[in-house]
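Student: any chance you can model this:
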Amino acid sequence: MMRGLFFWVLFCSLVFSKNPITSIPDFVLETDSVISSMSHYQNNLYISQNDGSLRVYDLVGKRFIRQFVLPEIVDFFDERKKPKIYNADTLDGRNILVLSEAANGSRELRIISGSKMQVVFDGADNLWISKALWVDEHRILLGFMGNEIALYDLKSQTFVYKIHPSTASFSDLILSVDRRIAFSTAESGIVYMIDVYQGRIIAKFEGVNKDNNYQLATAKNIVLSAGQDRKMGIYRIGESTQNTSVESRFLVYAVGISNDARYGAMMYDEEGSIAIIDLHTLEIERFLKGAHCIINTILFYQHQVVAACDGKKILFWNLKGI
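Tutor: Okay, here's the model as predicted:
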């Protein structure tokens, strides 16, 4: 009797236990240079590359539709080279904010509008900008290597404010969907919530990641952090629910979040696998395999996850069924 009951319990646990589904890419896109970062606006991907080019990929037509090439720069050895592009951002698909390498390792910030390139800051300004984002058509938010956060007015060509959340080295800066709230993080693992227009630190989230955060992602009232301590931090803004985390098997170099904040994604292991996490239950629903590289960007687009590698690959997985 007891033996039969044991096998029945074992059978039920095997049949009804929920194990994560494993998926391979539906499509792998190859670019012509190493990818440094990738952003998304409507149906287009904006791919920043190490060869001084920004490529625009149409997700509907599945083809490259534009390529912008920055002028060459002079390096420390007085040799001409193609500048690395660090990030690109757009509000409308027409005006693209591009942060790139300048002469002797400094930074250059420009706005690309069609065939025109307007330089906002060049190497002579000696501004060590790490990330640049549009706030509105006249203002941009900047994150500096020394962890200053600044709002810059393009019309008056002046800084509205500069704040210094901490002395830790800068890691990442992102904006809420309405671009009124910013979240920044640094090597301390602390996440700062900032009023973009006032330059005021609204809240500070700590205790989840104990080491450097590589990256942040946000949707609705949730912020995710990619931790060097092998954790994806989960912060729920304005809720009494305790902030928590999901552990990985490797350094979490990248995170992403769905628009409805139902699912989060993180680089999970040394093979570059991505774990899809239900942010309600904190269970891993699916493993996205096949990257075999360090992931630097994870985006959700319709029923897909799109991820970029530190190499030349962009991978697409279908998420239907979860």
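
Student: low-confidence bits of the stretch 151-300 of the chain, can you list those?
Tutor: 240-241 (pLDDT under 70).

Student: where do the strands sit along it?
Tutor: Using DSSP state E, counting those that start in this stretch, the strands of the stretch 151-300 of the chain run over 158-163, 170-175, 181-186, 191-195, 200-205, 213-219, 222-227, 231-236, 244-247, 255-257, 263-267, 274-278, 284-288, 295-301.

Student: distance of the closest residue to I222 other than its chain neighbours from S176?
Tutor: Residue nearest to I222 in three dimensions, not counting chain neighbours: A261, with 4.7 Å by Cβ to Cβ, 6 or more residues apart in numbering. Every C-beta, even on glycine, is put in place using the N, C-alpha and C of the backbone. Per Cβ to Cβ, to the nearest Å, A261 is found 12 Å from S176.

Student: go ahead and confirm the residue nearest to I222 touches D278.
Tutor: No. With contact defined as Cβ atoms under 8 Å, A261 does not count as touching D278 (11.0 Å).

Student: the more surrounded of those two?
Tutor: A261 (17 against 14; other Cβ atoms under 10 Å).

Student: I'd like the distance between that one and I35.
Tutor: To I35, A261 is 26 Å away according to Cβ to Cβ.

Student: then A182?
Tutor: On the measure of Cβ to Cβ, A182 and I35 end up 24 Å apart.

Student: between these two, which one's more packed in?
Tutor: The neighbour count for A182 versus I35, taken as other Cβ under 10 Å, is higher for A182 (25 against 22).

Student: quick check: nearest residue in space to the more buried one, chain neighbours excluded?
Tutor: I194 (4.3 Å).

Student: for that neighbour, list each beta-bridge partner.
Tutor: Applying DSSP bridges to I194 yields these beta-bridge partners: A182, I201.

Student: burial measure for it, as a count.
Tutor: Residues near I194, counting by other Cβ under 10 Å: 22.

Student: quick one: mean pLDDT for stretch 102-111?
Tutor: Stretch 102-111 comes out with an average pLDDT of 92.

Student: now stretch 114-122
Tutor: 95.

Student: tell me how far the residue nearest to Q198 when sequence neighbours are not counted lies from S184.
Tutor: Sequence neighbours aside, Y161 is the residue nearest to Q198 in space, at 7.9 Å (criterion: Cβ to Cβ, 6+ apart). Distance of Y161 to S184, given as Cβ to Cβ: 14 Å.

Student: ditto for I202
Tutor: Counting by Cβ to Cβ - I202 and S184 are separated by 12 Å.

Student: now the end-to-end length of stretch 83-102.
Tutor: Start-to-end span of stretch 83-102 (Cα to Cα, to the nearest Å) is 7 Å.

Student: can you mark which positions in that stretch are buried?
Tutor: Neighbour counts over stretch 83-102 (16 or more other Cβ atoms under 10 Å) mark 83-90, 95-102 as buried.

Student: run the chain-centre distance for that stretch.
Tutor: Centroid separation for stretch 83-102 versus its chain: 14 Å, with Cα atoms, centre = their mean, to the nearest Å.

Student: which outside residues touch it?
Tutor: Contact with stretch 83-102 is made by 36-37, 39, 41-42, 44, 46, 48-50, 52-54, 68, 70-73, 107-114, 122-123, 129-134, 136-137, 140, as judged by Cβ atoms under 8 Å, 6 or more residues apart in numbering.
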